[in-house]
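Engineer: How does the following fold in three dimensions:
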Amino acid sequence: MQVMKNKLLLIDGMALLFRGYYATAIRGNFMRTKSGVPTNGVYQFLRYMLDAMKTFTPTHVICCWDMGSKTFRTELYDGYKANRGAPPEELIPQFDLAKEVVEAFDIMNVGLENYEADDCIGTLANLYKETYDVTILTGDQDILQLVSDGIDVAIMRKGQGNYEVFNVDNFFEKKGILPQQMVDLKGLMGDTSDNYPGVKGIGEKTALKLLHEHETIDQLLENLEQLPAGVQKKIKTNLEMLHLSRNLAEIRCDVPLTCQIDRAVWRFDKENVGKRFRDMELDKFVRLLG
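Structural biologist: From the prediction side, this is the model:
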């Protein structure tokens with residue numbers, strides 16, 4: 001008789017909050033507490049979170065966050081994410097407020113200085129994938145590299161409740177490569193969103209072709225002389241950046257986190273959460289509890 005595993009939902013708090021903020025800020029409806037703190041991003045964040053609970057029915061939930069803009073990646077490459085401006089003024093106070101809302105549900109907030117939320121998610125996913133069915137909720141394609149036996153990734157698409165779920169069975173059909181090749185893909189083509197270049201002159205089409213033929217960057221470099229002269233030259237000229245870009249793209253799964261999984265049990269006490277929302281001047285949030 002097969003024993004059903006518990007289900008762990010790992011929430012990318014940064015992705016949900018930013019998505020929630022911009023989805024509502026475009027209408028100029030920031031909503032505010034009595035003391036003037038904007039709440040539009042947090043309100044939409046909560047809508048996303050509660051919808052995911054209904055969709056994926058987890059037994060355990062953990063929410064992960066960045067802990068500042070400086071990480072080991074910015075130490076490796078000072079241009080990393082340097083193209084991103086400061087968060088909008090109305091969003092800044094909502095980071096702490098979102099974490100308070102998460103805590104109102106007795107959901108753990110997890111983050112560690114010098115690492116990104118992605119690294120915390122990767123570490124927790126790999127730590128628990130043997131004993132839990134893990135689903136990662138995000139809007140960030142970078143996390144697709146974590147897909148494996150026991151780890152699914154649910155990418156949020158336009159419109160609430162619209163998810164594209166990637167798993168080991170459908171990944172190749174959807175992306176044309178294997179999950180572990182996502183890191184090498186970024187190493188070759190770079191990432192304009194995170195502001196690292198990869199190999200100058202190699203785009204997604206060429207990068208995919210190279211990975212189809214050679215599987216990994218390491219094997220590609222072993223057979224470098226077999227490549228077309230133009231591709232050889234590009235790689236040789238940008239070899240240092242190729243290795244650096246691959247290093248920047250790789251999610252670390254060995255972050256020194258301490259996590260008590262028994263504290264992550266999903267229990268939803270509507271009255272208690274409603275009271276805490278009112279204490280936080282979030283009366284309009286209570287209606288979302290159903």
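Engineer: Pop the domain breakdown of this structure in here.
Structural biologist: 6-176+260-289, 179-249 (automatic domain parsing).
Engineer: how about these in JSON lines, adding mean pLDDT?
Structural biologist: Shown next, in JSON lines, are the domains of the chain (pLDDT from 0 to 100):
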{"stretch": "domain 6-176+260-289", "mean pLDDT": "95"}
{"stretch": "domain 179-249", "mean pLDDT": "96"}
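Engineer: will you turn these into CSV that also has mean neighbour count?
Structural biologist: Quick note: C-beta positions are derived from backbone N, CA and C, even for glycine. Listed next are the domains of the chain as CSV, based on neighbours: other Cβ atoms under 10 Å:
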stretch, mean neighbour count
domain 6-176+260-289, 18
domain 179-249, 17
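Engineer: Please report how far Met67 lies from Leu208.
Structural biologist: 34 Å (Cβ to Cβ, to the nearest Å).
Engineer: Counting by contacts, list what the longest helix that the chain contains packs against.
Structural biologist: Counting residues, the longest helix found in the chain (DSSP state H) is helix 40-56. Here helix 40-56 touches strand 6-12, helix 13-25, helix 94-104, strand 132-138, strand 151-156, going by 3 or more Cβ pairs under 8 Å, 6 or more residues apart in numbering; DSSP states H and E.
Engineer: what about 10 Å?
Structural biologist: Helix 40-56 sits against strand 6-12, helix 13-25, strand 60-64, helix 94-104, strand 132-138, strand 151-156, strand 163-166, with contacts defined as 3 or more Cβ pairs under 10 Å, 6 or more residues apart in numbering; DSSP states H and E.
Engineer: Nearest to Arg276, out of the ones you listed?
Structural biologist: helix 94-104 (4.2 Å; Cβ to Cβ).
Engineer: what angle sits between that closest one and helix 40-56?
Structural biologist: Inter-element angle recorded for helix 94-104 and helix 40-56: 40 degrees (by axes from the mean of the first three to the mean of the last three Cα atoms, to 10 degrees).
Engineer: Let's see helix 94-104 as CSV, backbone CA atoms only.
Structural biologist: C-alpha atoms of helix 94-104 as CSV (Å, rounded to 0.1, in the frame of the first residue of the first chain):
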residue,chain,number,x,y,z
GLN,A,94,5.0,46.7,2.4
PHE,A,95,7.9,44.3,2.7
ASP,A,96,7.6,44.2,6.5
LEU,A,97,3.8,44.3,6.4
ALA,A,98,3.7,41.3,4.1
LYS,A,99,5.8,39.3,6.5
GLU,A,100,3.5,40.3,9.3
VAL,A,101,0.5,39.0,7.3
VAL,A,102,2.3,35.7,6.7
GLU,A,103,3.0,35.4,10.4
ALA,A,104,-0.7,36.0,11.2
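Engineer: That helix to helix 13-25, inter-axis angle?
Structural biologist: Using the same axes, to 10 degrees: helix 94-104 against helix 13-25 is 110 degrees.
Engineer: After helix 94-104, which helix or strand is next?
Structural biologist: Scanning forward in sequence from helix 94-104 by DSSP states H and E, the next helix or strand is strand 108-110.
Engineer: Which SSE is immediately downstream of that following strand?
Structural biologist: Heading C-terminal from strand 108-110 (DSSP H and E), you reach helix 117-128.
Engineer: is it true that Asn272 touches Asp106?
Structural biologist: Yes: with contact defined as Cβ atoms under 10 Å, Asn272 reaches Asp106; the gap is 8.7 Å.
Engineer: who's in contact with Gln180?
Structural biologist: Taking Cβ atoms under 10 Å, 6 or more residues apart in numbering, we find Gln180 in contact with Gln145, Leu146, Val147, Ser148, Glu215, Thr216.
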